[in-house]
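J.: just need the structure, nothing else, for what follows:
(chains A and B)
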Amino acid sequence: MSDAASFPQAARISVRNAQLRGNLRHATRTIRSKRARAVAELADWDRLRAAGAAIKDRTLRHLDQYLEQLEAAVTAAGGTVHWAVDADEANRIVTRLVKATGEKEVVKVKSMATQEIGLNEALAAAGIRAYETDLAELIVQLGADRPSHILVPAIHRNRTEIRDIFRRQMGAWGRPAPEDLSDSPAELAEAARLHLREKFLRAKVAISGANFMVAETGTLVVVESEGNGRMCLTLPQTLISVVGIEKTVPTWRDLEVFLQLLPRSSTAERMNPYTSTWTGTTDGDGPSEFHLVLLDNGRTDTLADQVGRQALRCIRCSACLNVCPVYERAGGHAYGSAYPGPIGAILTPQLRGTASALDASLPYASSLCGACYEVCPVAIDIPEVLVHLRERVAEGGSVTRNGARVTIRPAKGHAAERVAMRAARWAFEHPRALRAGERLAARTRRAHPARLPGEPWSASRDLPVVPPEPFRDWWQRTHGGKEAK
Amino acid sequence: MRVALFITCVNDALYPGTGRAVVTLLRRLGVEVDFPAEQTCCGQVQYNTGYRRQTEPLVRRFATVFTEYDAVVTPSGSCAAMVREHYPRIARRAADEDRDGELAELTGRIVPKVYELSEFLLDVLRVEDVGGYFPYTVAYHPTCHSLRLLGVGDRPTRLLRAVKGLDLVELPGAEECCGFGGTFSVKNPDVSAAMGADKARAAVDSGAQVLCAADNSCLMHIGGTLSRRGGGPRVLHLAEILASTEENVS
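T.: Numbers count the residues shown, from 1 in each chain, chains lettered A, B, ... in the order given. Model prediction:
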């Protein structure tokens, strides 16, 4: 990822894509207002939100205990638990498990964790083809594209683009789309249904993520809208679930809070159409073999950071994306990871670190307007974490990497800024110097242009006109306007 | 009651008219403000860009300069929010990191005394009609930090509605960020400009003659965008509208 474009570089291109801007504007605004209505229906939303945050915080504080409880319960119910410290280990485990079945194909239900670790690419390298079965993920896969939204991975595509992708690509992956496919939603859905049904009936192995893992019973929970996930979770003989360790909740009573918070925040529904739960294996019902791969991949390191750890409360609802003015204009791809939008801007630099130009630029991909924090169902103070991570980028400092405290150096490209910030601080500590500077600017005001070539502000905005006299001089001259003006 | 004006560095250097308007307005309401000349900047730019420790001397300076006053009024929602929301956090971290254990006590004393202008007018002076006159159509942009960090709510629009001659019109998508965001505007110039262009368009579409906000940094961004594209409303700080009278229209 080290050669990937920084956020501003990527956004410079996407912001000029009128089609993308239009698609995103329409889609995010529609979901945004629906969500506001769904949340307003509940008089106790604030209390639910506080409960969600408190449950997550308590769970994260005792995560070691809950994970062992979860492992014991899953094992007792006939499942096998695997621990993966990073992406490579998780990919090796899953590849080995699939190979052991002798199969060359797997079906997948949308899973952010497997995108995070690049599982499809790892499977492909081992000669195993993974078929995405979430409708939007299918569109992304057929279009040789990347997801750009947590909940609506193909949000950057419109109906016509989807029809073209289906007509062009479905045949290469399985059952082709009808020749005369139109861009009506019903026809597109039917084409996808027939294409996917063939996969479900043939697949022997499925790979999923999970929204929640209930420690007390070892139960995994997937929340979805389409029912394709349910097919994946029930039809194949072997089910492999790759889940981040932070998805643990202690009890079913805790789960109840999140089953109210999540659908209203993500799809603006009171309840989502499909909630699938499974506990180990059951004879004659569903997969006969179940593997749970518990993924760390930077989460324990994130947990060590007092300010940053709140990012692990995230339940992947995507409400923050849908209200974010930066996401709306830059699009999801500019964030360069499985996690776009405001949550991605705080999660990715913690999970991956801030060594690459892209990852170091993510904490700055926000105007700090605070709309994300306002809608977050688990009250993650995203602006607070962004500023905290900016400090890490600009000044370096002590962080936890692979379980050990290390001191990182400031990211490259901040030297001039650091000098400027120190100079400004010095001037602000010396009011006389500040005043001399202000006076100089005022005396030369007529020479100030409205734009400076090559300077980012004035490329699109006129510079402000410097007044003839700063306020402090006016105050001193007139004693606050009491004397002649 | 001893009241001090915290002008903010941006207003001091670029928008002294806003400071003069606050002085005029408060004097009209019977409040003499003082201007301690040792004040400089709240440190928001440093803090929000990732230079928290650079901010500490400025936090200390602010808390010391204003310590003897009963109230500190500032015509900036963003700087008021910096003090109220972030000063306690900065002081706590300084203590945690064994640098400045005293800062927490200093900021603890000053933070409850700091008011954004509309808060001071409605919550302390308890006036809604400040006796202003402004014969124009006005659209109000709430600015993110006033809206979401300070939670000033409808205070500014209540004050505007009470101004004689003023016709308040709706700004489409009012609660959306204008794209300024301090150093965001130069670190992410393309996204910032795109947000600014949308806000400028909304200002034009509102049909208002004047676009008003309680923060000149946001107005600098929107105004600079409007001036580059040509046409549209002029931008004016809330204080200047409220200070305006029949004898002296801003």
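
J.: around chain B, pick out the residues from the stretch 251-400 of chain A.
T.: Proximity of the stretch 251-400 of chain A to chain B, by Cβ under 8 Å from any Cβ of the partner chain, involves residues A:325-326, A:329-330, A:363-371, A:373-374, A:384, A:387, A:389-395. Where C-beta positions appear, they are placed from N, C-alpha and C, glycine not excepted.

J.: show me where the stretch 351-485 of chain A has helices.
T.: Remark: helices assigned in the stretch 351-485 of chain A by DSSP state H, counting those that start in this stretch are A:357-361, A:371-375, A:382-395, A:415-429, A:431-443, A:471-478.

J.: the fifth one close to chain B?
T.: Yes. Part of helix A:431-443 sits close enough to chain B to count as contact by Cβ under 8 Å from any Cβ, namely A:431, A:434, A:438, A:441.

J.: gap between that helix and the chain center?
T.: Taking Cα atoms, centre = their mean, to the nearest Å, the mean C-alpha location of helix A:431-443 is offset from the chain mean by 45 Å.

J.: kindly export it (C-alpha atoms) in CSV.
T.: Output of helix A:431-443 as CSV, limited to C-alpha atoms (Å, rounded to 0.1, in the frame of the first residue of the first chain):
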residue,chain,number,x,y,z
PRO,A,431,1.8,40.0,21.4
ARG,A,432,4.2,42.8,20.4
ALA,A,433,5.7,40.7,17.7
LEU,A,434,2.2,39.6,16.6
ARG,A,435,1.2,43.2,16.4
ALA,A,436,4.2,44.2,14.4
GLY,A,437,3.3,41.5,11.9
GLU,A,438,-0.3,42.6,11.7
ARG,A,439,0.8,46.2,11.1
LEU,A,440,3.2,45.2,8.4
ALA,A,441,0.4,43.3,6.7
ALA,A,442,-1.9,46.3,7.1
ARG,A,443,0.6,48.8,5.6
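
J.: give me the angle between that helix and helix A:471-478.
T.: 90 degrees (axes from the mean of the first three to the mean of the last three Cα atoms, to 10 degrees).

J.: neighbouring contacts of helix A:431-443?
T.: When contacts are defined by Cβ atoms under 8 Å, 6 or more residues apart in numbering or on different chains, helix A:431-443 is touched by residues A:426-428, A:448, A:466-470, A:472-473, B:9, B:12-13, B:37-40.

J.: if I take that helix and helix A:415-429, what angle do their directions form?
T.: Per the same axes, to 10 degrees, the angle that helix A:431-443 makes with helix A:415-429 is 110 degrees.

J.: circling back: which of the contacts of helix A:431-443 count as buried?
T.: A:427-428, A:466-467, A:469-470, A:472-473, B:9, B:12-13, B:39-40 (16 or more other Cβ atoms under 10 Å in any protein chain shown).

J.: from the residues you listed, which is closest to residue A:144?
T.: Within the buried ones among the contacts of helix A:431-443, the smallest distance to residue A:144 is 50.5 Å, found for residue B:9 (Cβ to Cβ).

J.: residues contacting the closest one?
T.: Counting by Cβ under 8 Å, 6+ apart, residue B:9 touches A:428, A:434, B:40-42.

J.: low pLDDT regions in the chain?
T.: Since no chain was named, I'll use chain A. Within chain A, the stretches falling below the threshold (pLDDT under 70) are A:1-3, A:484-485.

J.: nearest residue to the middle of it?
T.: If you average the C-alpha coordinates of chain A and look for the closest C-alpha using Cα atoms, centre = their mean, you land on residue A:339, 2.6 Å from that point.

J.: count the neighbours of the closest residue to it other than its chain neighbours for me.
T.: Closest residue to residue A:339 in three dimensions, ignoring its sequence neighbours and counting by Cβ to Cβ, 6 or more residues apart in numbering or on different chains: residue A:347, at 4.9 Å. When counting by other Cβ atoms under 10 Å in any protein chain shown, one arrives at 28 neighbours for residue A:347.

J.: from chain B, how far off is residue A:347?
T.: Computed with Cβ to the nearest Cβ, to the nearest Å, the distance linking residue A:347 and chain B is 18 Å.

J.: my guess is that residue contacts residue A:310, does it?
T.: No. Contact criterion Cβ atoms under 8 Å: residue A:347 and residue A:310 do not qualify, at 10.7 Å.

J.: which stretches in the stretch 101-250 of chain A count as strands?
T.: Counting by DSSP state E, counting those that start in this stretch, residue ranges of the strands within the stretch 101-250 of chain A are A:105-108, A:129-132, A:205-208, A:212-214, A:219-224, A:238-244, A:248-249.

J.: what would those strands look like in JSON lines with distance to chain B?
T.: Listed next are the strands of the stretch 101-250 of chain A as JSON lines, based on distance: least, Cβ to the nearest Cβ, whole Å:
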{"stretch": "strand A:105-108", "distance to chain B": "33"}
{"stretch": "strand A:129-132", "distance to chain B": "30"}
{"stretch": "strand A:205-208", "distance to chain B": "35"}
{"stretch": "strand A:212-214", "distance to chain B": "29"}
{"stretch": "strand A:219-224", "distance to chain B": "29"}
{"stretch": "strand A:238-244", "distance to chain B": "27"}
{"stretch": "strand A:248-249", "distance to chain B": "29"}
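
J.: now tabulate those in CSV and tack on mean neighbour count.
T.: Conversion of the strands of the stretch 101-250 of chain A to CSV gives the following (neighbours: other Cβ atoms under 10 Å in any protein chain shown):
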stretch, mean neighbour count
strand A:105-108, 24
strand A:129-132, 21
strand A:205-208, 26
strand A:212-214, 24
strand A:219-224, 22
strand A:238-244, 24
strand A:248-249, 25
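
J.: want to throw the ones you listed into JSON lines with distance to residue B:78?
T.: Formatted as JSON lines, the strands of the stretch 101-250 of chain A follow (distance: least, Cβ to Cβ, whole Å):
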{"stretch": "strand A:105-108", "distance to residue B:78": "45"}
{"stretch": "strand A:129-132", "distance to residue B:78": "44"}
{"stretch": "strand A:205-208", "distance to residue B:78": "45"}
{"stretch": "strand A:212-214", "distance to residue B:78": "38"}
{"stretch": "strand A:219-224", "distance to residue B:78": "38"}
{"stretch": "strand A:238-244", "distance to residue B:78": "36"}
{"stretch": "strand A:248-249", "distance to residue B:78": "38"}
